[in-house]
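# 3D model of this:
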Amino acid sequence: MKAVTIPSAGPNPPSAASVDVVLPCLDEAEALPWVLERIPPGWRALVVDNGSTDGSAEVASALGATVVREERRGFGAACHAGLTAATADIVCFCDCDATLDPGDLVPFVRRIAAGESDLVLGRRRPESRGVWPLRARAGNLAVTRLLHRRTGLRLHDLGPLRAARREPLLALALTDRRSGYPLQMVVRAADAGWRIAEHDVPYRPRTGASKVTGTWRGTWQAVRDMSRVLAEGGGAGESPAGAVAVAPEGADRPGLLDAGTDTPARKGTGS
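Below you'll find the predicted structure:
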C-alpha cells in the first residue's frame, strides 16, 4: 500500500494547546526522575499510582507531578483513572519505565491541535538489540493482524505512547481495565471514524522488570485481554466533531505515520 508523506512537525511544543500526560505507574520510583524531567514545558504530568510499594507516589509528588491514586490493579484501570482526572484539552499517555520519552509526544500534540489527526500512536523503534523481547514482538504482531481483520486499519504497533482530545476519548466509553485498554481505544476510535495515525519513536531499555511482557505468561494474558476486546461489537463513541461517525462507503481513513514523517495509510479490507 503506497503512502503519502507529509512533513513532520517541528520540535517545539505547541503553545496554544493545554496538555495532560497520563503516566500509569506501578513501582517505577527509579525511572520516574528520568521520565518527569522530559515532560515538555507547560504540560502537566499525571502520575497514576496503581499500588506501588517502592515510594513511587512520593517521588512523583516531590518532582512536581500531580499524583492520582488508583487502587484497582490493572494497566487500563490506571490509564482510565488518569483520563478521568485530566482537565486539559489534549491528553497523552506514556509508560513510566523510561522506555519512552514523553518529549517525543510534541509532534503528536501538534497534529492533534492542528486538526490533522484524531488519535496519534507511537510506533516503537528499538534503539538496541534485546530492548523489545521476542515474546512481546510476537504478541504485538498477532494483535495488529487481528486488529486489521477487525477494523481494516494497517498499524505496525499498539504501543502506549499516544495522544488525543480528552472529550472525544471520554465519549468512547472505554470499559477494559486490564491490558486490553490501549487496543480498545483504537478499536472504538476506528469504529467511530477517527483519523488514526502512527509516528515513529525511539524505544529504549526499560528500568526494572516489565509488569506485562516480562514473561511469556504475561504476554499471553495480554493477548487474551486484547482478543476479548476485538470480539466486541462496533458502534461505541462519537467522532471528535461531536456527531456519531459513520465513514462514507469507500472512503479512505488515514492510519500510519512512518520513519519520522507523517504517512497516512489507507484502511483496507479485512482478510
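# just the strands in the protein please.
19-25, 44-49, 66-69, 90-93, 119-126, 162-165, 196-203 (DSSP state E).
# mind listing residues that contact the first one?
For strand 19-25, the surrounding residues in contact (Cβ atoms under 8 Å, 6 or more residues apart in numbering) are 13, 32, 35, 39-40, 42-50, 52, 56-57, 60, 65, 75, 78-79, 82-83, 86-96, 102, 105, 109, 166. C-betas here are computed from N, CA, C, even on glycine.
# quick one on the thing from earlier: got a markdown table for the strands of the chain, with mean pLDDT, mean neighbour count and distance to Leu230 too?
Formatted as a markdown table, these follow (pLDDT from 0 to 100; neighbours: other Cβ atoms under 10 Å; distance: least, Cβ to Cβ, whole Å):
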| stretch | mean pLDDT | mean neighbour count | distance to Leu230 |
| --- | --- | --- | --- |
| strand 19-25 | 98 | 28 | 22 |
| strand 44-49 | 98 | 24 | 25 |
| strand 66-69 | 98 | 18 | 29 |
| strand 90-93 | 98 | 27 | 20 |
| strand 119-126 | 95 | 23 | 16 |
| strand 162-165 | 98 | 25 | 18 |
| strand 196-203 | 96 | 24 | 15 |
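# filter the contacts of strand 19-25 to the buried ones?
13, 32, 35, 39-40, 43-50, 52, 56-57, 60, 65, 75, 78-79, 82-83, 86, 88-96, 102, 105, 109, 166 (16 or more other Cβ atoms under 10 Å).
# mind listing which of those are in helices?
Assigned to helices by DSSP state H, the following of the buried ones among the contacts of strand 19-25 qualify: Leu32, Val35, Ser56, Ala57, Ala60, Phe75, Ala78, Cys79, Gly82, Leu83, Val109, Arg166.
# which residues touch the fifth one?
Right, the one you point to is Ala60. So Ala60 contacts Leu23, Cys25, Leu32, Leu36, Ala45, Val47, Asp49, Val67 (Cβ under 8 Å, 6+ apart).
# check contacts around the closest residue to it other than its chain neighbours.
The shortest distance from Ala60 to any non-neighbouring residue, by Cβ to Cβ, 6 or more residues apart in numbering, is to Val47 (3.9 Å). By Cβ under 8 Å, 6+ apart, Val47 lies in contact with Leu23, Cys25, Leu32, Leu36, Ser56, Ala57, Ala60, Ala65, Thr66, Val67, Val68, Cys96.
# redo that, cut-off 6 Å
Leu23, Cys25, Ala60, Ala65, Val67 (Cβ atoms under 6 Å, 6 or more residues apart in numbering).
# which of those residues lies closest to Ile196?
The nearest member of the contacts of Val47 to Ile196, counting by Cβ to Cβ, is Leu23 at 22.2 Å.
# number of nearby residues for the residue lying closest to Tyr181 once chain neighbours are set aside?
Of all residues not flanking Tyr181 in the chain, Gly76 sits nearest, at 2.9 Å (Cβ to Cβ, 6+ apart). Gly76 is flanked by 23 other residues according to other Cβ atoms under 10 Å.
# how near is Gly76 to Val48?
Distance, Gly76 to Val48, by Cβ to Cβ, to the nearest Å: 11 Å.
# one more: Val109?
Distance, Val109 to Val48, by Cβ to Cβ: 20 Å.
# any idea of the pLDDT on Gly242?
With respect to pLDDT, Gly242 scores 40.
# and for Gly235?
Gly235 carries a pLDDT score of 52 in this model.
# kindly report the same for Leu230.
Leu230 is assigned 79 on the pLDDT scale.
# so what's Ala49 up against?
Just to correct that, residue 49 is Asp rather than Ala. Contacts for Asp49 (Cβ under 6 Å, 6+ apart) come out as Cys25, Ser56, Ala57, Val67, Arg69.
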